[in-house]
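Participant: the sequence and its predicted three-dimensional model are supplied below.
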Amino acid sequence: MTTQHQFGGDWTKRKLEALRKYLDAYMKIFTANEKAKSFHTVYVDAFAGTGYRTPTDSDEPSLFPELTEQDNQEFLKGSASIALEMDKPFKEYLFIEQKQSHVAALEHLKKQFPERRIQIKQGDANTILHTWIRETNWRCTRAVVFLDPYGMQVEWSLIEAIAKTEAIDLWLLFPLGVGVNRLLTKCAPPPPTFSDRLTRFFGTEEWRDRFYHRQKTIFDEEVEHKSATFDSIRDFFIERLETVFKAVAKNPLVLTNSRNNPIYLLCFAAGNPKGAPTALKIADHILSHQT
Ligand SMILES: C[S@@+](CC[C@H](N)C(=O)[O-])C[C@H]1O[C@@H](n2cnc3c(N)ncnc32)[C@H](O)[C@@H]1O
């Protein structure tokens with residue numbers, strides 16, 4: 001029985017390639033530089049999947065990937081495999097995954113890397129990461145956290161907690177077209193369930209003023225219409241990241257589907273005051289050269 005994890009098209013390849021390049025550059029620094037060498041380095045994959053992905057015809061994520069038996073399916077490496085296979089590995093790996101069958105696949109992957117220190121935790125990424133952040137000694141730890149959800153599962157309080165450590169570099173898949181833009185309803189502001197979700201996601205209600213404009217009708221009634229564009233949503237989110245991180249890439253990677261619609265942005269932010277300028281330079285370079 002093989003646990004298949006079907007998601008992504010070309011955009012997935014671009015996303016994982018950018019991540020791989022960053023992890024390589026990061027560990028080059030943390031194994032070459034004398035001071036950096038003393039840190040305990042951790043790679044955290046908080047929406048870890050199975051370690052592998054099977055290409056699918058659909059280029060948008062399948063929310064209900066199936067468990068099926070199939071032996072001759074092409075398997076491509078997912079983020080967890082990519083991180084484990086690095087020539088210069090992290091001192092520790094933490095994989096978080098909600099789905100039981102994906103956790104089982106990660107346990108199987110772990111067995112293939114007996115020389116790596118790997119922790120796998122099953123549950124909600126937000127909850128587990130808050131605990132991990134609280135329990136980690138940030139004076140001697142440096143980490144790269146990859147948040148790769150299908151949708152809007154990441155809460156702003158988690159992003160804030162990550163930034164507060166001043167020791168984490170964050171790669172985050174921002175659900176531009178598949179999440180935020182869909183919740184921003186056109187002719188009127190979103191209903192309470194959508195609004196609450198957006199507020200928890202952005203950590204503020206300011207999105208409402210930024211993404212809707214008020215107009216008077218000929219009957220002198222006030223109505224609100226969506227004014228948000230993909231660009232204005234991106235700019236707002238980057239501004240939000242800049243309120244908590246030391247450095248934020250202003251050129252996130254735009255990941256589009258086959259109809260060329262933006263579905264996600266791959267964003268980068270660095271939290272360590274000393275390391276942020278170098279981290280940003282590397283991430284900027286990767287993001288602007290990623291084909
Ligand atoms: C896009 S996939 C991750 C792909 C993976 N990064 C890779 O490259 O192979 C998202 C994963 O997050 C898991 N997931 C969804 N909600 C979650 C949550 N709240 N906490 C942890 N994992 C979650 C899903 O089961 C799925 O495996």
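Facilitator: Received the coordinates, thanks. Residues are numbered from 1 along each chain as shown.
Participant: which element follows the lengthiest strand in the chain toward the C-terminus?
Facilitator: Of all the segments of type strand in the chain, defined by DSSP state E, the longest one is strand 262-270. Of the helices and strands lying after strand 262-270 in sequence (DSSP states H and E), the nearest is helix 276-289.
Participant: ok, and what's touching the longest strand of the chain?
Facilitator: Residues from elsewhere that reach strand 262-270, judged by C-beta atoms under 8 Å, 6 or more residues apart in numbering: 11, 14-15, 18-19, 22, 60, 163, 169-178, 230, 234, 237-238, 241, 245-249, 252-257, 276, 279-280, 283, 287. From N, CA and C alone the C-beta is placed, and that goes for glycine too.
Participant: now, of those residues, which are buried?
Facilitator: The neighbour count (16 or more other C-beta atoms under 10 Å) marks 11, 14-15, 18-19, 22, 60, 163, 169-178, 234, 237-238, 241, 245-249, 252-257, 276, 279-280, 283, 287 as buried among those.
Participant: among these, which lie within helices?
Facilitator: 11, 14-15, 18-19, 22, 163, 234, 237-238, 241, 276, 279-280, 283, 287 (DSSP state H).
Participant: which two among the residues you listed are spaced furthest apart?
Facilitator: Greatest spacing in these, by C-beta to C-beta: Trp11 and Ala276 (27.0 Å).
Participant: for the ligand, give me its nearest residue in the protein.
Facilitator: At 2.1 Å from the ligand, Gly78 is the closest residue in the chain, using C-beta to the nearest ligand atom.
Participant: got the residues of the stretch 1-150 of the chain near the ligand?
Facilitator: 7, 16, 45, 47-49, 53, 61, 78-79, 96-99, 102, 124-125, 148-150 (C-beta under 6 Å from any ligand atom).
Participant: list only buried entries from those residues.
Facilitator: Buried among those (16+ other C-beta under 10 Å): 7, 16, 45, 47-49, 53, 61, 78-79, 96-99, 102, 125, 148-150.
Participant: how about Leu184, what does it touch?
Facilitator: Leu184 sits in contact with Pro190, Leu198, Phe211, Lys226, Ala228, Ile233, where contact means C-beta under 8 Å, 6+ apart.
Participant: JSON lines for those residues, including pLDDT and secondary structure?
Facilitator: Shown next, in JSON lines, are these (pLDDT from 0 to 100; DSSP: H, G, I helix; E, B strand; the rest coil):
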{"residue": "Pro190", "pLDDT": "97", "secondary structure": "coil"}
{"residue": "Leu198", "pLDDT": "98", "secondary structure": "helix"}
{"residue": "Phe211", "pLDDT": "98", "secondary structure": "helix"}
{"residue": "Lys226", "pLDDT": "96", "secondary structure": "strand"}
{"residue": "Ala228", "pLDDT": "98", "secondary structure": "coil"}
{"residue": "Ile233", "pLDDT": "98", "secondary structure": "helix"}
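Participant: may I ask which helix or strand encompasses Lys35?
Facilitator: Here Lys35, judged by DSSP H and E, is contained in helix 34-37.
Participant: only C-alpha atoms, please: export that helix in PDB.
Facilitator: Extracted C-alpha coordinates of helix 34-37, given in PDB (Å, rounded to 0.1, in the frame of the first residue of the first chain):
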ATOM      1  CA  GLU A  34      32.800  29.500  13.200                       C
ATOM      2  CA  LYS A  35      30.200  31.300  15.300                       C
ATOM      3  CA  ALA A  36      27.300  30.000  13.200                       C
ATOM      4  CA  LYS A  37      28.600  26.400  13.600                       C
END
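Participant: okay, buried residues for it please.
Facilitator: Ala36.
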